[in-house]
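**Student:** how would this look folded up:
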Amino acid sequence: MKFLIKPTFITFGRTHEKMIPFNKPYLTGKETSYLTEAVKQGKISGNGHYTQLCQNHFIQQLGNEKNLCTTSCTDALEMCAILTDIKPGDEVIMPTYTFVSTANAFILRNAKVVFVDSRKDHPGMNEELIEKLITEKTKAIVLVHYAGVACDMDKVVKIAKRHKLIVIEDAAQAIDSYYKGKPLGSIGDLGAFSFHETKNIQCGEGGLLTVNNFLFKERAEIIWEKGTNRSAFWRGEVDKYNWVDIGSSFLPSELNTSFLFAQLEKIEEIQYKRKNIWKKYFNGLKKLEDFDVVLPVIPTYATNNAHLFYLICNSLEQRTALIDFLKKEGIMAVFHYICLHDSPYFLDKHDGREMPNAKKYENCLVRLPLWVNMTDEEVQYVIQKVLEFYKN
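**Tutor:** Okay, the predicted model is just below:
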């Protein structure tokens, strides 16, 4: 099933009947049939047939201890905070250039969040700045693999081991991406993926908790099941289930996971198409380097899963002008995160450190449309218009 939005170009004035959207969720064609099958099976509340299929898929892909589908990546991160027994006053180190869920999960446990600046060559956190922020109260390091591009995991894991800290991977954007051949989301003690409709693989809203440290394996399932040992009961491991820990309703319904499984079956096809579009952008926009515009950088230790394609403009004014120009030409381009360290909520909690690299990305980064069924005509049109903006 194909969903295309094809702009109509009129030679004089180039007005458009339709925009090229920033994102358009992709459907494989199997989603509705699997949804119907889930309903027919008579168990749609969660932890049924399709939930197991999805979780087993990730066991095969990640080769880790356990995976649990969740209603969102936000929920998976909140499970990480509970599993690591975050208490009031514990400190958690994470990047400032990220979505609010990364921080919220730990703020909800009354942790002190300590933000880190981005790298100069990439929006991801600067690993070199982590160690000097560690105190006797630091409990965990939360990494964000921005745009699906891996952080330097060897460096971070060594720091964590030296200080006996827990490593959590926010792999919301990192499905099917790797660090030195290892799948992202499987390297830290815990990880979290997103299946929001803007992600490579999606089910509208959904997520996954990855458990890579066996110490968290049993408790993760209890927290997932509202603090009960119900899953163990259904497997016949206990004769009745009880309230044994804190938890919440983190597991998704079978409707979500049946939709998700249809996507996972086609992950290779989806990724091939996305990477092809990403390569066209990269090759077609290399000329922008003449205008001091920066294209994405992929470190040698990382792979590219084509989650998004971005440009780093020269200034906020230039980026605003570019976005406005593209909108007038029928192209929806968007900026990304606002740094969390100087957000209204956190401003009076921040320790005052400046984070110039992250602020540069806040002001200058622009994301171009990228979705599976973009036609070559649409991709080339976006490239043409970006180049036209800079040439003029």
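**Student:** Any regions of the stretch 51-200 of the chain where pLDDT drops low?
**Tutor:** Low-confidence regions of the stretch 51-200 of the chain, defined here as pLDDT under 70, do not occur.
**Student:** all helices of it, in order?
**Tutor:** Taking DSSP state H, counting those that start in this stretch as the test, the helices found in the stretch 51-200 of the chain are 73-83, 100-107, 153-163.
**Student:** quick check: domain ranges of the protein?
**Tutor:** Using automatic domain parsing, the domain parsing of the chain gives 31-265, 267-391.
**Student:** With mean neighbour count as new columns, can the helices of the stretch 51-200 of the chain be given to me in JSON lines?
**Tutor:** All C-beta spots, glycine's among them, are computed from the backbone N, C-alpha and C. Conversion of the helices of the stretch 51-200 of the chain to JSON lines gives the following (neighbours: other CB atoms under 10 Å):
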{"stretch": "helix 73-83", "mean neighbour count": "26"}
{"stretch": "helix 100-107", "mean neighbour count": "22"}
{"stretch": "helix 153-163", "mean neighbour count": "16"}
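**Student:** possible to save those as JSON lines with distance to His145?
**Tutor:** Conversion of the helices of the stretch 51-200 of the chain to JSON lines gives the following (distance: least, CB to CB, whole Å):
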{"stretch": "helix 73-83", "distance to His145": "12"}
{"stretch": "helix 100-107", "distance to His145": "11"}
{"stretch": "helix 153-163", "distance to His145": "9"}
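**Student:** For Ile246, which of those is the nearest?
**Tutor:** Across those, Ile246 has its closest neighbour in helix 73-83 (6.4 Å, CB to CB).
**Student:** contacting residues for the residue lying closest to Tyr97 once chain neighbours are set aside?
**Tutor:** Using CB to CB, 6 or more residues apart in numbering and skipping residues adjacent in sequence, the residue nearest Tyr97 is Ala358, 4.2 Å away. Contacts of Ala358 were listed using CB atoms under 8 Å, 6 or more residues apart in numbering, and they are Pro95, Thr96, Tyr97, Asp117, Ser118, Pro123, Cys339, His341.
**Student:** Recalculate using a threshold of 6 Å.
**Tutor:** Counting by CB atoms under 6 Å, 6 or more residues apart in numbering, Ala358 touches Thr96, Tyr97, Asp117, Ser118, Cys339.
**Student:** if I pick the second one, what's in contact with it?
**Tutor:** What that stands for is Tyr97. Shown in contact with Tyr97 (CB under 6 Å, 6+ apart): Ser118, Pro123, Tyr337, Cys339, Ala358, Tyr361.
**Student:** For the helix or strand where the last one lies, C-alpha coordinates in PDB please.
**Tutor:** This means Tyr361. Following DSSP states H and E, one finds Tyr361 within helix 356-364. Extracted in PDB, the C-alpha atoms of helix 356-364 (Å, rounded to 0.1, in the frame of the first residue of the first chain):
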ATOM      1  CA  PRO A 356      27.800  26.300  23.100                       C
ATOM      2  CA  ASN A 357      27.700  23.300  20.800                       C
ATOM      3  CA  ALA A 358      24.200  22.200  21.900                       C
ATOM      4  CA  LYS A 359      23.000  25.800  21.500                       C
ATOM      5  CA  LYS A 360      24.400  25.900  18.000                       C
ATOM      6  CA  TYR A 361      22.400  22.800  17.100                       C
ATOM      7  CA  GLU A 362      19.300  24.300  18.700                       C
ATOM      8  CA  ASN A 363      19.700  27.500  16.600                       C
ATOM      9  CA  CYS A 364      21.100  26.100  13.300                       C
END
